[in-house]
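Colleague: heads up, no residue letters with this:
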């Protein structure tokens, strides 16, 4: 009787670990082929702390790796800003306004066309 119960217990434990292993390997394979982000978007900077990687592209999913409910593609230009590619020399009739700020200005959680800088530029 005791041996039968022990066999049943060991069999259940082995089946549990086999199923857990299959689920873990399946999840790792799925996450590898369907990442919620492309690259780490920042590099250390001596005076700013962190800055965007120039000429990079990444996907923001908030605090979660799961991108199904929320994601926004972010493109960074060659100057390290979330903006169109701009040249430093400007036309005579062009007025430039710099927006300096934190994550509210970079607005990585929304589409580029809906950022404060783009709405200001359209107006």
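Modeller: Received, thanks. The structure displayed is predicted, hence computed values, not measured ones.
Colleague: quick one, strands of the chain?
Modeller: Along the chain, counting by DSSP state E, strands occupy 42-45, 49-52, 57-60, 72-75.
Colleague: now do the spatially closest residue to residue 53 that is not a sequence neighbour: how many residues are near it, please.
Modeller: Residue nearest to residue 53 in three dimensions, not counting chain neighbours: residue 43, with 5.4 Å by CB to CB, 6 or more residues apart in numbering. Where you see a C-beta, it was placed from the backbone N, CA and C, and this is true even at glycine. Using other CB atoms under 10 Å, residue 43 has 12 other residues around it.
Colleague: ok, residue 71 touching residue 34?
Modeller: No: using CB atoms under 8 Å, residue 71 is not in contact with residue 34, being 11.6 Å away.
Colleague: pick out whichever of those two has more residues nearby.
Modeller: residue 71 (15 against 9).
Colleague: who does the most centrally placed residue in the chain bridge with?
Modeller: The residue lying closest to the centre of the chain (CA atoms, centre = their mean) is residue 60, at 3.3 Å. Per DSSP bridges, the residues bridged to residue 60 are residue 72.
Colleague: check contacts around it.
Modeller: 37, 71-74, 108-109 (CB atoms under 8 Å, 6 or more residues apart in numbering).
Colleague: so how far is residue 91 from it?
Modeller: 33 Å (CB to CB, to the nearest Å).
Colleague: could you give the bridge partners of the residue nearest to residue 53?
Modeller: residue 51.
Colleague: now do it, the pLDDT please.
Modeller: Residue 43 carries a pLDDT value of 81.
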